[in-house]
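Turn this into a structure:
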Amino acid sequence: MQCVTCSAPVNIAVIKYWGKRDETLILPANSSVSVTLHQDQLQAQTSVAASCHFEKDRIWLNGQEQSIDNPRIQNVIKEIKRRARKQKAGNRDNAAEKLNWKIHICSKNNFPTAAGLASSAAGYACLVYALQCLYQIDGDITAIARRGSGSACRSVHGGFVMWDKGQKHDGTDSIARQIQPHTHWSDLRVLILVVNEQKKHTGSTEGMQVTMETSELLKERIQSLPNKTEQITQAICDRDFKTFAEITMKDSNQMHACCLDTYPPISYLTDVSRRIIQLVHCFNRKYQEVKVGYTFDAGPNACLFLLKKDVQKFLHLVKHFFPPTREDKDFIRGNTAELMETESDDSEEDLSYFPFDPMDDSLKYIIYTMPGPGPQELPSDQSLLDEDGLPRKRS
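Now for the predicted structure:
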């Protein structure tokens, strides 16, 4: 048995991918831009094993066996093997033989699945990267990851990433590339406010399809995006937070407006989501400066961008207006060590400029993170599969 274990990150789009021009090849209607989040806080982990003794292909996700006949999983496996066969043509070692072995896949996320936190992007990026390592194939794999989940191609890279929509009908130029590494913007931070970790009522695939079919606003959005994409790319390169945050917020608002413009309408945001938006704008207005920017994927959970120097001040407000009903040591998760380095001095701050009252127990928890690197291969002792190729039992 040969086994490889890898991890891959979540990415959060700041210029959203919403709508496909080709459902089969998963080709987007517009280019998109994203920030890869640090794997210390959010990651998918996948082990892939191949053996001549396995009787059939199998897959386990978060401890539960799933059907491996999922067309997207099959597309990814077939494309990886096709490229491996092409690259190893004429090779006399056992590489060709290994391609005929059955495989076992075991994957887990350390964050909620299907709740609008880009779990499929991390999962498929991790699967493709692990298969690439197992079969030792060369070249760009973002187009393969795209066949699993469109946004997965962006999780193949760390830092700040552009997914070019491409022009070719076969999708060969619809690939992701890194704009800047995660170290480029060292003081950029991210707060994820988890409103609901349950599976979303309308999946992204279904939501995109209905929006493409029925939204007039989406057509206008697609026409205006090339200019915004160019502007936010420059803002990232310049570390221009004001421009970066404003474009991010406006694009998020526009995507969700397109969802409401579908027939029947789709609403991913909740009252808590909208209150978070209001909090951000009140905060920025008080300081007469854009200090925080928000974005929402296809779900109610908020992803907030801000600079390190403003984290404690804004986090103090979040905890005041969205307090847990009981003392919860895990209410703030992630890079808490950094938070302990500095104390907030806002305990006596005047909060009268906020036109609303606290909403008790409205947030499940908060994740504090930052931009991070792309997928990586892990040591063998972190394998999710045992020596028989079955999910390892963890104590």
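
Return the residues in contact with Cys259.
By CB atoms under 8 Å, 6 or more residues apart in numbering, the contact set of Cys259 is Trp18, Gly207, Thr211, Ser215, Pro265, Ile266, Ser267, Tyr268, Ala298. Every residue, glycine included, has its C-beta placed from N, CA and C.

And the residue nearest to the fourth one when sequence neighbours are not counted, how far from His53?
Same thing as Ser215. Excluding its sequence neighbours, the residue lying closest to Ser215 (CB to CB, 6 or more residues apart in numbering) is Asp261, at 4.3 Å. Separation of Asp261 from His53 (CB to CB, to the nearest Å): 54 Å.

Could you pull up the residues touching the residue lying closest to Ile192 once chain neighbours are set aside?
If the residues on either side of it in the chain are set aside, Ile192 comes closest to Ile367, at 4.1 Å by CB to CB, 6+ apart. Residues near Ile367 by CB under 8 Å, 6+ apart: Gln41, Leu42, Phe111, Leu191, Ile192, Val194, Arg333, Gly334.

got it, and Asp164?
Ser31, Asp173, Ser174, Ile175, Ala176, Arg177.

Among these, name the buried ones.
Ser31, Ser174, Ile175, Ala176 (16 or more other CB atoms under 10 Å).

farthest-separated two in those?
Ser31 and Ile175 (10.8 Å; CB to CB).

Show me whatever sits in contact with both of those two.
Common neighbours of Ser31 and Ile175 (criterion: CB under 8 Å, 6+ apart): Trp163, Asp164.

quick one, what contacts Cys282?
Shown in contact with Cys282 (CB under 8 Å, 6+ apart): Tyr353, Phe354, Pro355.

Contact partners for the closest residue to Ile179 other than its chain neighbours?
Leaving aside its sequence neighbours, Ile179 sits nearest to Phe160 (CB to CB, 6+ apart; 4.3 Å). Contact analysis of Phe160 by CB under 8 Å, 6+ apart lists 33-36, 178-182, 184-185, 236, 371.

in its sheet, what does the strand or helix carrying Thr46 sit against?
Using DSSP states H and E, Thr46 maps to strand 43-51. Neighbouring strands of strand 43-51 in its sheet, by DSSP bridges, are strand 2-9 (antiparallel), strand 102-109 (antiparallel).

in the first one, what counts as buried?
Across strand 2-9, burial judged by 16+ other CB under 10 Å covers Cys3, Val4, Thr5, Cys6, Ser7, Ala8, Pro9.

Would you mind pulling the contact partners of it?
The contact list for strand 2-9 (CB under 8 Å, 6+ apart) reads 36-39, 42-51, 98, 122-123, 125-126, 129-130, 133-134, 155-156, 158, 372-380, 382-385, 389.

Make a PyMOL selection of the buried ones in those.
Listed next is the PyMOL selection for buried residues among the contacts of strand 2-9, using 16+ other CB under 10 Å:
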select buried, resi 36+37+38+39+42+43+44+45+46+47+48+49+50+51+98+122+123+125+126+129+130+133+134+155+156+158+372+374+375+378+383+384+385+389
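
I figured Leu351 hits Leu317, correct?
Yes: with contact defined as CB atoms under 8 Å, Leu351 reaches Leu317; the gap is 7.4 Å.

who's more crowded, those two?
For Leu351 and Leu317, the more surrounded residue by other CB atoms under 10 Å is Leu317, and the numbers stand at 20 against 14.

secondary structure class for Asp173?
Using DSSP: H, G, I helix; E, B strand; the rest coil, the structure places Asp173 in coil.

which residues sit in contact with it?
By CB under 8 Å, 6+ apart, Asp173 lies in contact with Asp164, Gly166, Gln167.

Could you give me the buried positions within the lengthiest helix in the chain?
Using DSSP state H to define each element, the chain has its longest helix at helix 216-238. Neighbour counts over helix 216-238 (16+ other CB under 10 Å) mark Leu217, Leu218, Arg221, Ile222, Leu225, Lys228, Thr229, Gln231, Ile232, Thr233, Ala235, Ile236 as buried.
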